[in-house]
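Engineer: sequence plus predicted model, see below.
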Amino acid sequence: MGRGRWVYFLAVVLTIVSFLPLAVPVFFTVVELISSGRLLYDFLMPAELFLLTVIGGGGMVVLGVAGKISIKRLVVYLALDVASVGGAQVWAVLSGLAHGDTELAGVHVFAITIFAILFHLFALLVELECVRICRSLRGAPKPS
């Protein structure tokens, strides 16, 4: 395999890794629906797996820079994704949710839900940018 093929292979692997945080909960939701007939979606699981989004997106940033492909949107989406998870963590610590001092009710449910929705949105945008960069790398001229 030439250098261009290895770069493209790595880009595909990193893109798949970035998709896992949103794909895994959907897979388990389908399994639960088939096995018990209940529709249950763990909307916090993607945040638990967000490190995979960071690894996949960060790797694509490196490949995009090496391939001279625009990565501005990917960097912004990745930063917003990390900020949404960080915001949820800060809220949990400051409100006492992380320590069990506060019950998950009222404004706390609203805030954590908003952070989870933002994480899902930015993770999806990171994944779409990874696909765009992967496609650009496939069409990039091969070094001689």
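Structural biologist: Looks like it came in fine.

Engineer: go ahead and name everything in contact with whichever strand or helix holds Val76.
Structural biologist: Per DSSP states H and E, Val76 falls inside helix 72-95. The contact list for helix 72-95 (Cβ atoms under 8 Å, 6 or more residues apart in numbering) reads 47, 50, 53-54, 57-58, 60-61, 64, 97-99, 102, 108, 111-112, 115-116, 118-119, 122-123, 125-126, 129-130, 133. Any C-beta I mention is one placed from the backbone N, CA and C, and that applies to glycine too.

Engineer: and Val61, what element?
Structural biologist: According to DSSP H and E, Val61 maps onto helix 50-66.

Engineer: work out the gap between that helix and the centre of the chain.
Structural biologist: Centroid separation for helix 50-66 versus its chain: 10 Å, with Cα atoms, centre = their mean, to the nearest Å.

Engineer: which secondary structure elements does that helix sit against?
Structural biologist: In terms of contacts (3 or more Cβ pairs under 8 Å, 6 or more residues apart in numbering; DSSP states H and E), helix 50-66 is packed against helix 3-36, helix 72-95, helix 107-139.

Engineer: now the buried members of the contacts of helix 72-95.
Structural biologist: Among the contacts of helix 72-95, those scoring as buried are 47, 50, 53-54, 57-58, 60-61, 64, 97, 108, 111-112, 115-116, 118-119, 122-123, 125-126, 129-130, 133 (criterion: 16 or more other Cβ atoms under 10 Å).

Engineer: what comes up buried for the lowest-mean-pLDDT helix or strand in the chain?
Structural biologist: Ranked by mean pLDDT, DSSP states H and E, the weakest helix or strand in the chain is helix 45-48, scoring a mean of 87. Within helix 45-48, the residues that count as buried by 16+ other Cβ under 10 Å are Met45, Pro46, Ala47.
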